[in-house]
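Novice: Predicted coordinates and the sequence they were generated for:
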Amino acid sequence: MAGRALSVIVAALVTVTVAAADCSGRPPVPARPSAAPTAAPPPGGCAGGPRLEEGRHTIEFAGLKRVFLLALPDGDGPHPVLLNLHGLGSNAREQAAYSRLPRVGAGRGYIVATPQVAKDRFAWTLPNGLGPDDTGFLGALLDRLEQRLCVDRRREFAAGLSYGGGMAAALACGLEGRLAGVAVVGGLSLVTPCPDPPPVTLVAFHGTADRAVPYGGGHPLRDSTGDLRKLADMVTLPPVPRTAEGWAAALGCPQPVVSSPVRSVRLRAWDGCEQGAAVRLYTIDGGGHTWPGPIEVPRLGATVRGLDATALILDAFDSAQPR
């Protein structure tokens, strides 16, 4: 493996261990914010002026040019916004195709931005991590969308796969309550909840046969070899259910309701949490490091076909308490 790529993965794995203490990288929030107002503040992009077009864009942040793909819904808005974050070693184009969030989300009225990590990087920098300030970058991207599109600023969300899912979860605290909801596919245990998270809707999906981010905890990237295997052995992840329970406890949730929406899938749903928060964990028996739905990637393990994570994420965001 090239030295630069290996150094980036080292930083990513080190970031996981650092983020385990506090995914926000900031002091605990002193008090939960009050309920969101019933009327949205006037979004800047709704007043007219130059608008962003659908397609590929660049934005400069902290001296780096960053790339994002943009999918737009029909209608004048204001529209909710969704950040769609790719996994380690992937890119925006692959994430857009695999998650289907740009196409399906735009069809359901969402502005969907699929950003890419900085040039020569393999992974996002979690809050408190080593590397480019990706939390600041993603906040700046939301600012740009608010300025150049008609955005409902009460309804901003993030979703991601694997390391991108971990980044999405970390943003619940890292963006200091800006997000109304986050969704995590195959990456929930990569960060732990911050001590007093702002109220948020969190939905997660994880396969019990995931060998990259093991459901039962332990060392990640179990099929890696060589130096990467040695680095992965330095990291120990908690079990995914324990992480979900930690979020539920931090968000003031009652005991979960357990159900089986489809065969081989168990749902633990924590509803009625403080300030309208909610937590849902879909456990896929035998599922791999995959996005539940119609697209299969055999090298990543088994994919459950009867559960559409894309639709369920958007359903959860549709019903999330506005910020």
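Specialist: That came in fine, so what should we check first? Residues are numbered from 1 along each chain as shown.
Novice: where does the chain dip in pLDDT?
Specialist: The model of the chain has pLDDT under 70 over residues 1-43.
Novice: just so I have it, where are all the helices in it?
Specialist: Counting by DSSP state H, the segments of the chain that form helices are 3-19, 92-99, 101-107, 134-148, 163-174, 226-232, 240-250, 309-318.
Novice: Which of those sits closest to Val184?
Specialist: helix 163-174 (3.6 Å; CB to CB). Bear in mind the C-beta positions are built from the backbone N, C-alpha and C, glycine included.
Novice: helices or strands next to the closest one in the packing?
Specialist: Packed against helix 163-174 by the contact rule (3 or more CB pairs under 8 Å, 6 or more residues apart in numbering; DSSP states H and E) you find helix 3-19, strand 79-85, helix 134-148, strand 151-161, strand 181-185, strand 201-207.
Novice: on that earlier part again, out of the helices of the chain, which is the most enclosed?
Specialist: helix 163-174 (a mean of 30; mean count of other CB atoms under 10 Å).
Novice: quick one: that one to strand 181-185, angle?
Specialist: 150 degrees (axes from the mean of the first three to the mean of the last three CA atoms, to 10 degrees).
Novice: Not including adjacent chain positions, what is the nearest residue to Asn276?
Specialist: Quick fix: residue 276 reads Gly, not Asn. Distances taken as CB to CB, 6 or more residues apart in numbering place Gln321 nearest to Gly276, at 3.1 Å, with adjacent residues excluded.
Novice: you'd agree that neighbour is up against Leu179?
Specialist: No. With contact defined as CB atoms under 8 Å, Gln321 does not count as touching Leu179 (11.4 Å).
Novice: And the two? Which one has more around it.
Specialist: Leu179 (27 against 18; other CB atoms under 10 Å).
Novice: any idea how far that one is from Asp143?
Specialist: Relative to Asp143, Leu179 is positioned 14 Å away (CB to CB, to the nearest Å).
Novice: same thing with Val297?
Specialist: 34 Å.
Novice: what sits opposite the closest residue to Lys119 other than its chain neighbours in the beta ladder?
Specialist: Excluding its sequence neighbours, the residue lying closest to Lys119 (CB to CB, 6+ apart) is Leu64, at 7.2 Å. Under DSSP bridges, the beta-bridge partners of Leu64 are Phe61.
Novice: Tell me which residues touch Leu64, please.
Specialist: Applying CB atoms under 8 Å, 6 or more residues apart in numbering to Leu64 gives the contacts Ala118, Lys119, Pro132, Phe137.
Novice: so what's the backbone phi/psi at the second one?
Specialist: Okay, so that is Lys119. phi -50, psi 140 (degrees, to the nearest 10).
Novice: okay, now it: neighbour count?
Specialist: 10.
Novice: swap in the one 10 residues further on?
Specialist: The local packing count at Gly129 equals 23, with neighbours defined by other CB under 10 Å.
Novice: any idea how far Thr192 is from it?
Specialist: For Gly129, the distance to Thr192 - CB to CB - is 14 Å.
Novice: try Gln95
Specialist: Taking CB to CB, one finds Gln95 at 24 Å from Thr192.
Novice: still on that earlier bit, ok, which pair from the contacts of Leu64 is furthest apart?
Specialist: Lys119 and Phe137 (12.5 Å).
Novice: what's around Ala71, how many residues?
Specialist: When neighbours are counted by other CB under 10 Å, Ala71 comes out with 21.
Novice: which residues touch it?
Specialist: Glu54, Ala96, Pro102, Arg103, Gly105, Ala106, Ile111, Val112, Ala113, Thr114.
Novice: Tell me the one of these nearest Gly164?
Specialist: Thr114 (9.7 Å).
Novice: before we move on, the earlier item: how about the contacts of Ala71 in CSV, adding distance to Tyr163?
Specialist: Conversion of these to CSV gives the following (distance: CB to CB, whole Å):
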residue, distance to Tyr163
Glu54, 26
Ala96, 16
Pro102, 19
Arg103, 23
Gly105, 21
Ala106, 24
Ile111, 23
Val112, 19
Ala113, 18
Thr114, 15
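Novice: so which of the residues you listed comes closest to Glu245?
Specialist: The closest of those, once distances to Glu245 are taken by CB to CB, is Gly105, at 28.9 Å.
Novice: now the closest one, nearest residue through space, not along the chain?
Specialist: Nearest one to Gly105, counting by CB to CB, 6+ apart, is Val112 at 4.3 Å.
Novice: Can you tell me which of the contacts of Ala71 comes closest to Met167?
Specialist: Out of those, the member with the shortest distance to Met167 (by CB to CB) is Thr114, at 12.9 Å.
Novice: got the contact list for that closest one?
Specialist: Applying CB under 8 Å, 6+ apart to Thr114 gives the contacts 68-71, 83-86, 92, 95-96, 101-102.
Novice: What distance do you get for it to Gly160?
Specialist: Taken as CB to CB, the span from Thr114 to Gly160 is 10 Å.
Novice: what does Arg153 give?
Specialist: Taking CB to CB, one finds Arg153 at 21 Å from Gly160.
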